[in-house]
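Engineer: What follows is a predicted structure for the sequence shown.
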Amino acid sequence: MTTKAPRKRNQRFKRLPKGPNGGIELLLVQSVDHLGKQGDVVEVKPGYAHNYLIPEGLATLASDHHKRMVQKHKAKLLEIEKSRLADLQSLADALAKQSITIEAKANDEGHLYGSVGAPEIVGALKQAEFTITADQVRLEGPLKELGLYTVKIHLHQEIEADLKVWVVPAASDADG
């Protein structure tokens with residue numbers, strides 16, 4: 001009678017160290033909104049670690065070696081983060097002084113036929129030579145009427161800018 005060798009489980013991932021609460025302990029390589037700052041040791045669910053944080057390069061294993069390296073470079077990291085925050089703050093100040101105009105088709109009462117959302121605001125900012133992503137634009141809802149709106153631009157956990165957005169009738173409507 002032959003005995004079969006125990007079947008190996010299909011392990012795609014190496015076992016990661018468990019934290020005290022049953023999650024996985026990781027060291028953040030970059031700051032992650034709603035999780036922690038660069039250099040923090042955080043505990044997350046395995047799926048979040050395997051599917052997002054580690055593949056995107058946002059975190060690494062919280063080994064003693066990595067922790068020591070972070071402690072060693074903490075001052076340099078702090079300096080880099082400060083300069084990044086200063087750059088973002090100057091961008092926020094520039095955005096606060098900025099006012100963009102978006103043309104949209106509207107009826108006689110000022111109701112838009114469509115709506116103005118984050119992609120249109122990002123496009124208008126790109127023309128004004130500001131690089132912002134659509135997920136940084138915080139709208140209460142789509143803009144559906146002509147007028148002046150104040151839109152929040154989320155640049156960092158601690159930095160937001162208020163941008164003035166004018167929604168005006170398209171040139172063909174004014175002639176019509």
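Structural biologist: All right, it came through fine. Numbers count the residues shown, from 1 in each chain.
Engineer: So which bits of the helix or strand containing Tyr48 are buried?
Structural biologist: Per DSSP states H and E: Tyr48 is located in helix 46-48. In terms of neighbour count (16 or more other Cβ atoms under 10 Å), helix 46-48 has its buried residues at Tyr48. In short, each C-beta sits where N, CA and C put it, glycine included.
Engineer: hmm, who's touching that helix?
Structural biologist: Here helix 46-48 makes contact (Cβ atoms under 8 Å, 6 or more residues apart in numbering) with 16, 23-24.
Engineer: starting at the chain centroid, how far to it?
Structural biologist: Relative to the centre of its chain, helix 46-48 is centred 19 Å away, using Cα atoms, centre = their mean, to the nearest Å.
Engineer: So which other helices or strands are in contact with the helix or strand that it is followed by?
Structural biologist: Per DSSP H and E, the first helix or strand lying C-terminal to helix 46-48 is strand 59-61. When contacts are defined as 3 or more Cβ pairs under 8 Å, 6 or more residues apart in numbering; DSSP states H and E, strand 59-61 sits against strand 24-28.
Engineer: buried residues in the following helix or strand past the strand it packs on?
Structural biologist: Going down the chain from strand 24-28, the next helix or strand is strand 41-44, by DSSP H and E. Neighbour counts over strand 41-44 (16+ other Cβ under 10 Å) mark 42, 44 as buried.
Engineer: Let me see the mean pLDDT of strand 41-44.
Structural biologist: In this model, strand 41-44 carries a mean pLDDT of 89.
Engineer: what are the pairing partners of it, and which direction each?
Structural biologist: Strand 41-44 pairs in its sheet with strand 24-28 (antiparallel), by DSSP bridges.
Engineer: Near Asp64, how many other residues are there?
Structural biologist: A count of nearby residues for Asp64, using other Cβ atoms under 10 Å, gives 7.
Engineer: is Ala106 in a bridge, and if so with what?
Structural biologist: Beta bridges link Ala106 to Leu112, judged by DSSP bridges.
Engineer: Over to Ile24?
Structural biologist: Lys18, Val44.
Engineer: Quick check: the gap between it and Ser31.
Structural biologist: According to Cβ to Cβ, to the nearest Å, Ile24 and Ser31 sit 19 Å apart.
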